[in-house]
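# with the sequence up front, the predicted model follows.
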Amino acid sequence: MASDLSSQSPSSDEEEEESAGQKPKTAVNANSIDNSLDAIENQLSSISFNTPIDERTAPSDDHHHESESLSETAMNSIGESSSSRRSGLWTSNLEVEVEAEVDGGLASPSSSGYAGERGSSGSVTSGSGIDVVREVRDNGSSMGDDGAVVLDSSEAQWIRGKRHADEDDASVSWRKRKKHFFVLSHSGKPIYSRYGDEHKLAGFSATLQAIISFVENGGDRVKLVRAGKHQVVFLVKGPIYLVCISCTEEPYESLRGQLELLYGQMILILTRSVDRCFEKNPKFDMTPLLGGTDAVFSSLIHSFSLNPATFLHAYTCLPLAYATRQAAGAVLQDVADTGVVFAILMCKDKVVSLVGLQKASLHPDDMFLLANFVMSSESFRTSESFSPICLPRYNPMAFLYAYVHYLDVDTYLILLTASSQAFFHLKECRIRIETVLSKSNVLNEVQRSMSEGVLRIDHLPVDPSARSGSLFHLNQRRPSETVTGIGGPAGLLHFIYRSIYLDQYISSEFASPISGRQQQKRLYRAYQRLYASMHDKGVGPHKTQFRRDENYVLLCWVTQDFELYAAFDPLADKATAIRICNRVCQWVKDVENEIFLLGASPFSW
Amino acid sequence: MENYAELVNYIFVASNTSIAAELKFIDFLVILCAHWVADRSAGRIGGLNPVNGDSDAKNLRVKLVLLGDSGVGKTCIVLRFVRGQFDPTSKVTVGASFLSQTIALQDSTTVKFEIWDTAGQERYAALAPLYYRGAAVAVIAYDITNPDSFHKAQHWVKELQKHGSPDIVLALVGNKADLQEKREVSVQDGIDYAEKNGMFFIETSAKTADNINQLFEEIAKRLPRPPPS
Ligand SMILES: Nc1nc2c(ncn2[C@@H]2O[C@H](COP(=O)(O)OP(=O)(O)OP(=O)(O)O)[C@@H](O)[C@H]2O)c(=O)[nH]1
Ligand SMILES: [Mg+2]
């Protein structure tokens, strides 16, 4: 296990602002969109498969082998081996992974457009939905005139900012961006682009659409295309296609998860009833419906590298004395009893308390998307608001109504109801809640916890006799400490503990040397890779993973109840690190009623 | 449309009717709103109208709704009126915001405006009935530098004439009057259209505060008064 991870070089990275260097190019000639399908077809017909065709019809052993190669390590090795194969006319590599559409245990009759082109219509029987991975080489240099996707290693740089809406796919700056996100309709109309103006990217969009449709028409689904250092990840949601083009070396699973969240954010704003607009009019232009939401999406994409909730699929609570959280929970519960579906009190992205009506349960992803929507929509800070929103995991087809009010700079209350008429009732509820919270000093405690950052690794009790059931005495004893703490014992730098049962995680405050944004981002990316490899279905359940590279020693421990991700100084000793991890877990248990929201409310997720 | 399940159910029903053949997203929302209206007229009380208990001849409480294209300055007008502030950074309204402000008139009566500042973004257009239903006043704003917003304002006027309260006071506001050099809608066009539709007309600037208080004072004067008891 250890060797699995240590063999991977940490991404060289990660500043998305910086130029991606001399990446193989995926340039697009958008001039002949009409012909692009044909062109892509022609192009694909000239592709030679590295993987023998028979492999796709091979017995399940081989499928198992292939699905394993989806794991991150194996993907890397594919990348390496294909670059080593590069020679002569082959100017770049294009790898395509196609997910066989499994329907009733049988894939579609013609398993893929590619297969058809190769004169094989062998169907893939993969009852368990095993991914078929195929590797494809592309002679990119000769395709330029076809209006097809051209891959050529000479230029190819993705990328820089939505802030530069004047960019399009012809701009060098646009190609230099490290990570692109696109949303388009099945007819190829652009819906959203992280960078550049959607309308100027119409040609590019049409090309992406052609690729997806081409494969889909063959009954398959494109999941991933590799082009040199770039991964192109696809997600198809009915009439809406989402695409991520990245050279950040994040695992496929992570990027796909990010596309899922991007789609969820869109649904939160519009509901899935937009699908119907496409049924009635395939050329429907969705962009006007997303007017004024750029900040929501850029903040979402930003949090992909700065908020672990995006890959842990769990939410986090602000550490608070038990009585304080209880007080908040009690007044929210009163309100929920009057017909509010969810009452949520948050400070930035952290939950103070949360109460749901009867059996209603709030998925952590919904909570994350809702908080992102509220925090990135400045108008909520100005005055109390009442707005329709949809919780995609709760019900993607319907709107709920959100009453949103900021109680102070960082702390806000969201009351969700199914009734469009409930504003004045919710306003009264809010006034009652606000009164109780300020009387019981909850808002001050929240502010204090936020600014002091109580879960600090330098407070980790080293000596078992020093154990205390509370984080808050500790803090009072050391009032003079600054917010940026020092490292923990035995080179412990940081940890995240995820409670599986509670769907919550807690992370320690950042301490030096992980105090800057870039270091934090790099650490989260490392955790993200760990998470992906620990959750890789193809490889089977892992228990622990120990990985050392030039930045850290990373330790991951997964049990039925929790997952622990810890980072240590690169020189840390393995045995000591394991001992410290045990202590961290003990500590988390000791103070769990201050860092988690425990079963006070009737959740059932 | 109180009930969550009902809402969901309604969406599914809408999708199967022939009326839905040309159903666009917006139409879909309009249907939802029509449903709410029906819901309301079926005798539900409350809704987005505050309980009108303490309104009397001396102290009026008035529901006012602001409508108009995104970016014309509705929120800036309200914030200038309510808080005396102008923040030039754009903060697109989500759904609708609620604010209130009381003014004293010369005849020693007071008027408390309970203001729904609605979002001008297209996706919220069909939700407008939720906010203008039962409103005593609708202020329809456009940006004098943007003819499209003037046309949009005329759409709102028509919709309110059709679906607003029969005795609703309508005001047409040409905002951003400080941007004279960029003007594309003449004062006369505003006056003419307002006159034809029996509306009160004024040009304002939320930036300079020009005519903002006048707008609300003039509205207050035009309100139907309850007979003194
Ligand atoms: N020069 C000038 N600019 C203004 C004036 N009023 C508003 N603005 C600017 O217009 C922009 C939009 O104003 P908002 O008040 O947010 O527009 P809105 O009508 O509320 O827009 P939505 O909430 O999207 O419906 C802001 O950036 C303001 O700075 C004005 O009187 N003069
Ligand atoms: Mg506004």
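Received it, and whenever you're ready, just let me know what you need. Ligands and ions are numbered 1, 2, ... in the order given.
# mind checking pLDDT for residue A:515?
Looking at residue A:515, its pLDDT stands at 79.
# what do you get for residue A:545?
For residue A:545, the predicted pLDDT is 89.
# for residue A:518, same thing?
For residue A:518, pLDDT reads 89.
# from the contact counts, what lies against the helix or strand hosting it?
Secondary structure from DSSP states H and E places residue A:518 in helix A:517-534. Of the remaining helices and strands, those touching helix A:517-534 by 3 or more Cβ pairs under 8 Å, 6 or more residues apart in numbering or on different chains; DSSP states H and E are helix A:2-6, helix A:72-85, helix A:252-270, helix A:309-312, strand A:492-499, strand A:544-548, strand A:553-558, strand A:562-568. (Each C-beta comes from the backbone N, C-alpha and C, glycine too.)
# and the residue of chain B nearest chain A?
residue B:95 (2.4 Å; Cβ to the nearest Cβ).
# just to revisit the earlier point, mind checking the helices and strands packed on helix A:517-534 for the one nearest to residue B:210?
Residue B:210 lies closest to helix A:252-270 among those, at 35.3 Å (Cβ to Cβ).
# now do the closest one against helix A:517-534, angle only.
110 degrees (axes from the mean of the first three to the mean of the last three Cα atoms, to 10 degrees).
# that older thread, list the buried ones in the helix holding residue A:518?
A:519, A:521-534 (16 or more other Cβ atoms under 10 Å in any protein chain shown).
# pick out the residue in chain A sitting closest to ligand 2.
Relative to ligand 2, the nearest point of chain A is residue A:379 (6.5 Å; Cβ to the ion).
# so which bits of chain B are right by ligand 2?
By Cβ under 5 Å from the ion, the residues of chain B that approach ligand 2 are B:74, B:75, B:93.
# can you tell me the closest non-neighbouring residue to the residue in chain A that ligand 1 sits nearest to?
Residue of chain A nearest ligand 1, by Cβ to the nearest ligand atom: residue A:292 (5.8 Å). Once flanking residues are discounted, residue A:292 sits nearest to residue B:92: 3.6 Å by Cβ to Cβ, 6 or more residues apart in numbering or on different chains.
# residue contacts, the one you found?
Contact analysis of residue B:92 by Cβ atoms under 8 Å, 6 or more residues apart in numbering or on different chains lists A:291, A:292, A:377, A:378, A:379, B:70, B:71, B:119, B:121.
# the fifth one - how many residues pack around it?
Just to be clear, that refers to residue A:379. Neighbourhood size, residue A:379 [other Cβ atoms under 10 Å in any protein chain shown]: 21.
# please apply the same query to the second one.
Residue neighbour count, defined by other Cβ under 10 Å, stands at 22 for residue A:292.
# so it: helix, strand or coil?
When classified by DSSP: H, G, I helix; E, B strand; the rest coil, residue A:292 comes out as coil.
# one step back: please report phi then psi for the residue of chain B closest to chain A.
phi 60, psi -110 (degrees, to the nearest 10).
# thinking again about what came up before, among the residues of chain B next to ligand 2, which are in helices?
The helices, defined by DSSP state H, take in B:74, B:75 from the residues of chain B next to ligand 2.
# which of the residues of chain B next to ligand 2 come close to ligand 1?
B:74, B:75, B:93 (Cβ under 6 Å from any ligand atom).
# pretty sure the residue of chain A closest to ligand 2 is touching residue A:386, no?
No - contact between residue A:379 and residue A:386 fails when scored by Cβ atoms under 8 Å: they sit 11.8 Å apart.
# now for these two: what residues contact both?
residue B:97.
# in TSV: the ones next to ligand 1 among the residues of chain B next to ligand 2, plus distance to chain A and neighbour count.
Listed next are those as TSV, based on distance: Cβ to the nearest Cβ, whole Å; neighbours: other Cβ atoms under 10 Å in any protein chain shown:
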residue	distance to chain A	neighbour count
B:74	11	26
B:75	7	25
B:93	5	26
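# which of these sits closest to residue A:402?
Nearest member of those to residue A:402, counting by Cβ to Cβ, is residue B:93, at 13.7 Å.
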